[in-house]
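Undergrad: I would like the atomic coordinates for the input below:
(chains A, B, C, D, E and F, ligands or ions: 9)
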Amino acid sequence: MVNALVLASGVLGGIAFFFGAVLAVAHRYLRVEEDPRIEAVERLLPGTNCGACGEPGCRSFAEALVAGRTAPGKCTVSPASAVQAIAKFLGVEAGLEEKRVARLHCAGGKSAVRRLADYSGPRSCRAAYWVNAGERACPWGCLGFGDCERACTFDAIWMNEQELPVVEPEKCTACGDCVEACPLELFTLEPISHKLIVQCRAPLAGEAIRALCRVACDACGRCALDAPPGAIEMRDNLPVILDPKRVDETCTYRCPTGAIRWIEGRQFEDRPVEELVE
Amino acid sequence: MREREPGPWRLILTLGGAGWLAGALLVGVYLATDPSIQRNRARALFAAAQRVLPGAERIEAWLFKEGEPVRYEGPRDVPPPPGALFAGYGPDGTLVGVAIPAEGPGFQDTIRLVYGFDPQRRLVIGLEVLESRETPGLGDKIAYDPDFLANFGALEVEPEVVAVRRGEKRRPHEVDCITGATISSEAVVAILNRSLEAWLPRLERAAERMRERTGA
Amino acid sequence: MSGPVRESAWREFAKGWWRENPVFIAVLGLCPALAVTASLRNALVMSGATAFVLIGASLVVSALRHVVPRQVRISVYIVVIATLVTAVDFALAAWMPVAHRELGAFIALIVVNCLILGRQEAFASKNRPVLALADAAGMAGGFALSLCMIGAVRELLGNGRVLGLRVLPAAYEPWAVMILPPGGFFALGLLLTVFAWLRERAEQRRRAEQARVAAAARSGGGAP
Amino acid sequence: MRGELIWIFASACLINNFTLTYFLGLCPFFGVTGRLATALRLGLANIFVMTITAGAAWLLERFVLPWVPYLRLISFILVIASTVQFVEMLIRKTSPALFRALGIYLPLITTNCAILGLALFATNRGYGLLASVIYALGAGVGLLLALVLMASLREEAALAPVPRLVRGTALSFFVAGILSLAFMGFAGLFHGVVE
Amino acid sequence: MIGPWVLWGGPSFRHGVHPEASKEATNRLPIERMPFVERYVVPMSQHTGAPAVPVVRRGERVHRGQIVGRPHGYLSVAVHAPVTGVVEAVEPRPHPTGTRQLAVVIRADPFDPQRAAHIRPADPRWLPREEILRRIQLGGLVGLGGAAFPTHVKLDVPEGKRVRFVVLNGCECEPYLTCDHRLMVERRDAVVRGLRILMQVTGCERGYIGIEADKPDAIEALQAEARDDPRVEVVSLRVKYPQGAERMLIETIFHREVPSGKLPLDLEILVQNVATAAALADLFDRGQPLIERVVTAAGDGLRRAANLLVPIGTPLADVVEHCGGLREEARQVILGGPMMGQAQKTLEAPIVKGTSGVLAFSRPLGFVEEDPCIRCGRCLEACPMILNPSRLAALARQQDVEALERLHALDCFECGSCAYVCPSHIPLVQLIRVGKALVRQARRTRQVA
Amino acid sequence: MSEAPRLELRAAPFLHRGLSTRRLMYEVLASLVPVVGAAVYFFGVAALLVVLASSAGAVLTEWFFGASRRGLGTLRDGSALLTGVLLALTLPPALPLWMAFLGGVVAIGLGKTIWGGLGQNLFNPALVGRAFLQAAFPEALTTWTPPGRDLWSVPASTFAWPFMRADVDVTTSATPLGLAKFAGQPTELEALWFGNTAGSLGETSAVVLVVCGLVLALRRVFDWRLCVSTILGVALLSGVLHAVLPEQCPPPAFTVLSGGLLFGAVYMVTDPVTTPLTPLGAWIFGSGVAVLVVLIRVWGGLPEGVMYAILLMNAATPLINRYSQPRPYGG
Ligand SMILES: Cc1cc2nc3c(=O)[nH]c(=O)nc-3n(C[C@H](O)[C@H](O)[C@H](O)COP(=O)(O)O)c2cc1C
Ligand SMILES: Cc1cc2nc3c(=O)[nH]c(=O)nc-3n(C[C@H](O)[C@H](O)[C@H](O)COP(=O)(O)O)c2cc1C
Ligand SMILES: Cc1cc2nc3c(=O)[nH]c(=O)nc-3n(C[C@H](O)[C@H](O)[C@H](O)COP(=O)(O)O)c2cc1C
Ligand SMILES: Cc1cc2nc3c(=O)[nH]c(=O)nc-3n(C[C@H](O)[C@H](O)[C@H](O)CO)c2cc1C
Ligand code: SF4
Ligand code: SF4
Ligand code: SF4
Ligand code: SF4
Ligand code: FES
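TA: Ligands and ions are numbered 1, 2, ... in the order given. Now for the predicted structure:
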């Protein structure tokens, strides 16, 4: 009994001591300097090296996190609190400015714009745009196939019954993916306090544009007149908001088509569908 | 945020300490369980030997030391070391046969088996598969198919054991294969042949010694 | 034990069974989940052994969490786990020799079961023994649950039996594939699909309910 | 002898592929096969670690464990982990390029079922040093094969409109199952060459 | 060259397809001049590069051949009034791309004799190089083979490079189109004269005219015309689509490949369409800028097929009207050829410099609903660029920009061979085009970063 | 100017060769008629029943999973029916019908639907079904009946109750490959050529398969490279091996004509979906199948390896595709 005990502890202690010593020495002489953030992130990780995150081990995962190649949530072992801690650690630089939201500069839903032809092909805006710029009469407006909806990784966009993308301001992180995705570049990222939005991009005036779309800006210029001087200017038959701080809702009151709008939450919410259907 | 680096000695001591404790604990567990484990193993071996030596009542383990067969004198509830043979004696003390463990590749993985051999009549008198990973319902029949196992009740080993298709066994040194599991059956035969080839030359003398022992 | 502790302990215990189920959700500890589930009995024995090791290790690690320096943390955990596993291994060999033989090396392989080391790192080393115990017990329960489900499916289809008892008629033609290696993958895949389907249906119902409520609110409230 | 070695290799590599029929190392198998490049490198690093492991296990089994059988598990895992960690440091220092390519996978492997499984199986079967190493090489190559095939299949399936219900993990299991079915074709390979 | 070769068709590029040529309807119809119509829409953007800048205002009177848009920078050419009349508007108007682009709208003066306001003809031999290029730019010359690339840029061989071979592209491999064919037969002198000008401007040694073997009359005509010039060779080519693509033509004639991302110029070769050559001759010999071009009108959706000499800016509706209008059953109107052309949603867009055909079809040709790709590999065996269209399309759907780039998505020139053969009717070209756009977008952002 | 009709917008090209996926599938189906005919001729009406059961399993599964997504559209392309028929033709004649049905269900469910339907699967669905059956019911799948059965007599096992064991009343016999491998008995080439041997429904008659294969190749239904490289590869390899190890490896004529090689080479190696799409890839795939077939037949535990060889090469297909990409023009 005692014999066995001595033997066991001797052998184990010996093995442990030997390798402990080797590793300690190695640690001292074979050390390589690295980004200290990696170390810090690694400490927050479980260290099980299970590989479930798709990276070859916790350290590589930490490196990938610091490099921004992956997301903390990919680690299935860490509890939610740890994931948040990592996200917080990595995100210290971000998130100081005012929140911005993607806004669409078109209000031409399917019942507002004439459809001139029948498109058949992939249901994708990019693909459809190539085929004669889409089937609708206005070549500047939304095509309605929802590339932006698919591009948004935060589920902040959904297509409404007018086939227009509606952005949920609460969910939108202003990542800009929709701006990239739209072949017509209809989105811009606007500070949430900029509530006056021109929902049209067509550089035509009067009857020429009214023939194409019922909610387009027809360049009547009333909004520019009703706004404080110099705050809105007409350029290329469209109002340009030069000073968003000074404008208020009043300049939208006389807009005959509703192309310029004062938007508190989502776009296209205030307009009942019935109004658009003749 | 960074904690103070502990010195290398602290690391080594922690690890060493943990190792030491673990070792101590394991010794305890080992001492507590080892007898049962050994007994289980020994029993399993002796029981299998008994089953492949019909009529044997007493089983003894034998070892070869420097080519000489020596009776294994260890306690009954400790399994003999690998390479041991098991001599089975009838109620009257006569040598019924020798149980020999053997192994070799099967259809899927290594097959381990033990067979009983009667050195006098030069017959295989029983066979049991101890471990196999053959296909369930097909290859694993080598372990329980009565027709197949019946082949080994009195199987001649000269010139060598031959596997034939089911129902074609004509001669006493042939083995009827299991339909649909020819490979596994052939593997058993191959293991048998290889083992016999290794043991037969030595078995003659060993059997004499084994008989002597009982006689004594 | 005070209320909040009891509550959070209960939460930690409950989560492992389903919401954070180690096999079905976190996809950890797969090797035993597939290797020993050809029969329900083996799955049960394996679950028991794993539970013992997981709970024991969690308690020890949690108790030692302030003592062990970071650099040798993993090594110490491994020593603790390996000790417990060796103990289980010996105990099974001594008292359940048949099961031990069938499980083969997989008892020893509990040492490297990703689940166990994972729980030590992710939970036990950061929490009080009470919580660690709750967490480990919950995880062990979830692990056992998933092993038994897989084992039951495989044994039933592959053998016509459950726990060695004949369930399907004697003339049933067993699907040998289910107890062969591919069957392990198929059974787990199938279970995951079924769960996904159940979840999806629940989700759909929830959505429909929400929409109904919202519609009712809109028509009743009458937006200006 | 040569026949036996061939069979040992084929058995570890194809017939009893560690991942697809022994179910070893599944967690990284499913975690890492999302990307082909990662899988390939993991597989290569694995071969390396397995070979070291086989050698270390043989040494322990031969010279240490006969006296302390109860330390089998604990010494295997400690020795494997330490050796690999040492080698990792060495590579990192001497060849950063090699480290980036393969070294970063080492920690993932050391505490992995496949490695310990290899040590246990090789010693259980009582292989000598040469046979152990051959066995380790076979297991490593088999793992590499499984990893690479699986990763390429999953990368391809990522382009397909896989139904929502099976997308992700479930599909991976089905794919592994089909691969495992296909590997059943190797059963009995070279069983004849042992004689 | 004509002889036993014709049977086999001569050497050719790899892969490619054999769509039915369907040229019988028009290949014997002489070119007819389209009468003037009421209103012309002249877009400022008819070429690769920056749009021209309008130099006329609403209400101004303009003369046929007068510049109405001046080139905006180097990669841009002038645009001319196709008729004498009054500027009605300068505003965005429908364009063949389906968008609306800035255009000068001219109401034709019905009482004007419509003589072109020619500039003085000049023999390029006596002009300095800069002057030649300036004249070409102000003459509004662009490639008439499809891409509408400004000709003066192409002829402005950079320092250190040179052109040794000029190839005139008379393949006209697109089905239905016969405008180049008729031009080669009827205006052989202008074509060969244009070739000589090109050779002179670039200082090159040899000129080739590549013509598909199914136009023996054109081959004969040009051979006769160039008989006494040993530097010029007329080459008969195998009938195979897209034989007319620059790179394929070079592979066929010179057995060399233009490296990926490079221009024919890097092989010291210049390729120009035969109509471009003729327009060049017209510019220098008659002083006529590019104000009209030959357009083939065909297809079973039109009541009458024709080869028309159309003033640039003529609205599509008028061309269709001139051909008897659309049949009841017409469902599809295409500008360009049936393999690479643009479907039109309305008949409002005008004919522009790059328009080679107006096709109308009664039913969408061979259109069936899309099936999933069955990886049959037929597209691979069709693609003359030896790409993997099936893969590229799948990657484009997944927006995997990195892989698209690795698999040379940008080398695809959208010939449509792959989609033509795909049994699953996958819109491969459309998808690949999306993929190319993604790659370009990614490259731009990478450059910015 | 008259009011223009509403036009249709599509991307170029506007011309199409006119071949469709559906047509391809139906051409293959048509070419299978003589194969099924030969099966009925040799194995009686039970063969037809197996074909019907397996097709029913395949088609119903396709319908069940496809109906929710694309209506009946996915059935019309005929690929599910084709999978069912092909699966049946790789099964033994006396197989219980419920197993054939189950095979069809697994072939489509596991082999096709989970991947996203037609064109997305990476393993040959029919062979996934068969491999599953073979692993599930190894005994039933290796029970062969001799040819020359009375047309209308059906083995009792055919009508076994669903999920229940079949009583094997039939006289079983071994396939030519089994005979060669496990009993060392050769089979006459003439029997192999005409199909008068035991084996799977569709594989026995070489002459029918050769004719059907030629017709399909000449009609460009499949890529001839796949088929040719497989057959040529097996012939060459076994030729060499036969010369070196005559007692282990049968002569090439036997290797090519026996077992499922011809059937696999004509109908399964050529499945466009699960094989490489590059021409070089086709050669690699065929050679790979050939190597594996010979490996398994000569050194393996199974008498036949065509199914496993094709499945294994299916698994390698994404890799082959990736590394056999032709050099692009000018690249
Ligand atoms: C999935 C599967 C598993 C098999 N398992 C075994 C097995 O474990 N042992 C065996 O000998 N044959 C097995 N076989 C069958 C052999 O490959 C081979 O067909 C058989 O040994 C030939 O025997 P026979 O000539 O008696 O039909 C299996 C076949 C399949 C398809
Ligand atoms: C972006 C771009 C730049 C080009 N630059 C030159 C050039 O510098 N010199 C030149 O001779 N051709 C140039 N080309 C013209 C091409 O060589 C080619 O003739 C033209 O794109 C028409 O080819 P295609 O009709 O086959 O598309 C350029 C083309 C493009 C699209
Ligand atoms: C697929 C394809 C087919 C083409 N076919 C012709 C053709 O038939 N005739 C032609 O003149 N140009 C054709 N082109 C354009 C030529 O590539 C090349 O741009 C042109 O000959 C250059 O002359 P240009 O600059 O005078 O237009 C084709 C281009 C492509 C991409
Ligand atoms: C020449 C050819 C061969 C085919 N071979 C098979 C086959 O072996 N197995 C199968 O399930 N489907 C086959 N199909 C049908 C189809 O490709 C198959 O259902 C797809 O794999 C399903 O995605 C074949 C189709 C063609 C055109
Ligand atoms: S894609 Fe990004 S910017 Fe656009 S809506 Fe979504 S979150 Fe906002
Ligand atoms: S906003 Fe742009 S991307 Fe979104 S649907 Fe409209 S056109 Fe498409
Ligand atoms: S369109 Fe592009 S991919 Fe398709 S055949 Fe032509 S060059 Fe190749
Ligand atoms: S031709 Fe069509 S179906 Fe065939 S591989 Fe290409 S894209 Fe796929
Ligand atoms: S349990 Fe084996 S790798 Fe996770």
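Undergrad: drop to CA atoms for contacts and neighbour counts, all remaining ones
TA: OK.
Undergrad: quick one, what contacts the residue in chain B that ligand 3 sits nearest to?
TA: Per Cα to the nearest ligand atom, B:Gln108 is where chain B lies closest to ligand 3, at 57.7 Å. By Cα atoms under 8 Å, 6 or more residues apart in numbering or on different chains, B:Gln108 lies in contact with B:133-135, D:15-16, D:187-188.
Undergrad: So which of those belong to helices?
TA: Under the assignment DSSP state H, the contacts of B:Gln108 contribute nothing to helices.
Undergrad: Most proximal residue of the stretch 151-300 of chain E with respect to ligand 6?
TA: Taking Cα to the nearest ligand atom as the measure, the point where the stretch 151-300 of chain E comes nearest ligand 6 is E:Gly261, at 30.1 Å.
Undergrad: Revised request: answer the last question for chain F.
TA: F:Leu9 (16.8 Å).
Undergrad: Excluding residues flanking it in the chain, which one is nearest the one residue in the stretch 51-200 of chain A that gets nearest to ligand 4?
TA: Taking Cα to the nearest ligand atom, ligand 4 has its nearest neighbour within the stretch 51-200 of chain A at A:Pro122, 20.9 Å off. Nearest non-adjacent residue to A:Pro122, counting by Cα to Cα, 6 or more residues apart in numbering or on different chains: A:Ala128, 7.1 Å away.
Undergrad: any idea how far E:Ala330 is from that neighbour?
TA: Separation of A:Ala128 from E:Ala330 (Cα to Cα, to the nearest Å): 22 Å.
Undergrad: if you count what's nearby, which of those two comes out ahead?
TA: Between A:Ala128 and E:Ala330, counting by other Cα atoms under 10 Å in any protein chain shown, A:Ala128 is the more crowded of the two (26 against 23).
Undergrad: So what does the more buried one look like in phi/psi?
TA: The phi and psi torsions at A:Ala128 (degrees, to the nearest 10) take the values phi -70, psi -30.
Undergrad: Low-confidence stretches in chain D?
TA: D:1, D:101-108, D:110-111, D:193-195 (pLDDT under 70).
Undergrad: For burial, what's the neighbour tally of the closest residue to chain B within it?
TA: Closest residue of chain D to chain B, Cα to the nearest Cα: D:Gly188 (4.2 Å). D:Gly188 sits with 26 neighbouring residues when counted by other Cα under 10 Å.
Undergrad: what does chain D put close to ligand 9?
TA: Counting by Cα under 6 Å from any ligand atom, chain D comes close to ligand 9 at D:24-28, D:112-113.
Undergrad: would you turn the residues you listed into CSV with neighbour count?
TA: Shown next, in CSV, are the residues of chain D next to ligand 9 (neighbours: other Cα atoms under 10 Å in any protein chain shown):
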residue, neighbour count
D:Leu24, 27
D:Gly25, 27
D:Leu26, 28
D:Cys27, 23
D:Pro28, 28
D:Asn112, 24
D:Cys113, 29
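Undergrad: now E:Gly145: how far from E:Val235?
TA: Distance from E:Gly145 to E:Val235, by Cα to Cα: 18 Å.
Undergrad: between those two, which one's more packed in?
TA: E:Gly145 (24 against 21).
Undergrad: need the residues of chain B near ligand 1, please.
TA: So chain B meets ligand 1 at B:107, B:134-135, B:138-139, B:179-184 (Cα under 6 Å from any ligand atom).
Undergrad: Quickly name whichever of these is closest to F:Leu29.
TA: Proximity of these to F:Leu29 (Cα to Cα) peaks at B:Gly180, which lies at 32.9 Å.
Undergrad: what residues are up against A:Pro183?
TA: A:125-126, A:129.
Undergrad: Tell me, how many residues neighbour residue 39?
TA: Chain wasn't specified; assuming chain A. A:Glu39: 16 surrounding residues under other Cα under 10 Å.
Undergrad: hmm, I had chain B in mind actually
TA: Residues lying near B:Arg39 (other Cα under 10 Å) number 17.
Undergrad: what helices or strands is the host helix or strand of it leaning on?
TA: B:Arg39 belongs to helix B:8-52 when assigned by DSSP states H and E. Helix B:8-52 sits against helix A:2-29, strand B:58-65, strand B:85-89, strand B:95-105, strand B:110-118, strand B:123-131, helix C:73-95, with contacts defined as 3 or more Cα pairs under 8 Å, 6 or more residues apart in numbering or on different chains; DSSP states H and E.
Undergrad: what angle separates the first one from helix C:73-95?
TA: Going back to what we said before, that points to helix A:2-29. If you take axes from the mean of the first three to the mean of the last three Cα atoms, to 10 degrees, helix A:2-29 sits at 150 degrees to helix C:73-95.
Undergrad: continuing past helix A:2-29, what's the next helix or strand?
TA: Using DSSP H and E, the first helix or strand after helix A:2-29 is helix A:36-44.
Undergrad: How about that next one, which residues are buried there?
TA: Within helix A:36-44, the residues scored as buried using 16 or more other Cα atoms under 10 Å in any protein chain shown are A:38-42, A:44.
Undergrad: Looking at the residues you listed, which is nearest E:Asn169?
TA: A:Ile38 (60.5 Å).
Undergrad: quick one on the thing from earlier: help me confirm that the residue of the stretch 151-300 of chain E closest to ligand 6 comes into contact with E:Asp411.
TA: Yes - in this structure, E:Gly261 is within contact of E:Asp411 by Cα atoms under 8 Å, at 7.4 Å.
Undergrad: elements contacting the longest helix along chain C?
TA: Looking across chain C with DSSP H, the single longest helix is helix C:181-221. Here helix C:181-221 touches helix C:30-35, helix C:129-159, helix C:176-179, helix D:169-183, going by 3+ Cα pairs under 8 Å, 6+ apart.
Undergrad: so does the first one get close to ligand 9?
TA: Yes - where contact is defined by Cα under 6 Å from any ligand atom, part of helix C:30-35 touches ligand 9, namely C:30-31.
Undergrad: about what we covered before: so the residue of chain B closest to ligand 3, which of the three states?
TA: Following DSSP: H, G, I helix; E, B strand; the rest coil, we place B:Gln108 in the coil state.
Undergrad: still on that earlier bit, between the helix holding B:Arg39 and strand B:123-131, how big is the angle?
TA: Here helix B:8-52 runs at an angle of 140 degrees relative to strand B:123-131 (the same axes, to 10 degrees).
Undergrad: returning to what we had before: number of residues surrounding the residue of the stretch 151-300 of chain E closest to ligand 6?
TA: 10.
Undergrad: what do you get for the one 4 residues further on?
TA: Residue neighbour count, defined by other Cα under 10 Å, stands at 19 for E:Leu265.
Undergrad: ok, E:Ile250 to E:Val271 distance?
TA: According to Cα to Cα, E:Ile250 and E:Val271 sit 9 Å apart.
Undergrad: try E:Val358
TA: Noted for E:Val358: a distance of 25 Å to E:Val271, by Cα to Cα.
Undergrad: Let me see the contact set for the residue nearest to the spatial centre of chain C.
TA: In chain C, the residue lying closest to the centroid (Cα atoms, centre = their mean) is C:Phe143, at 1.3 Å. Each residue near C:Phe143 by Cα under 8 Å, 6+ apart is listed here: C:17, C:21-23, C:47.
Undergrad: Helices of chain D, start to end?
TA: Under DSSP H, chain D gives helices at D:2-10, D:26-32, D:36-63, D:72-94, D:96-101, D:106-110, D:113-124, D:129-157, D:169-183.
Undergrad: between those, which gets nearest to ligand 1?
TA: Closest to ligand 1 of the helices of chain D is helix D:169-183 (Cα to the nearest ligand atom; 8.4 Å).
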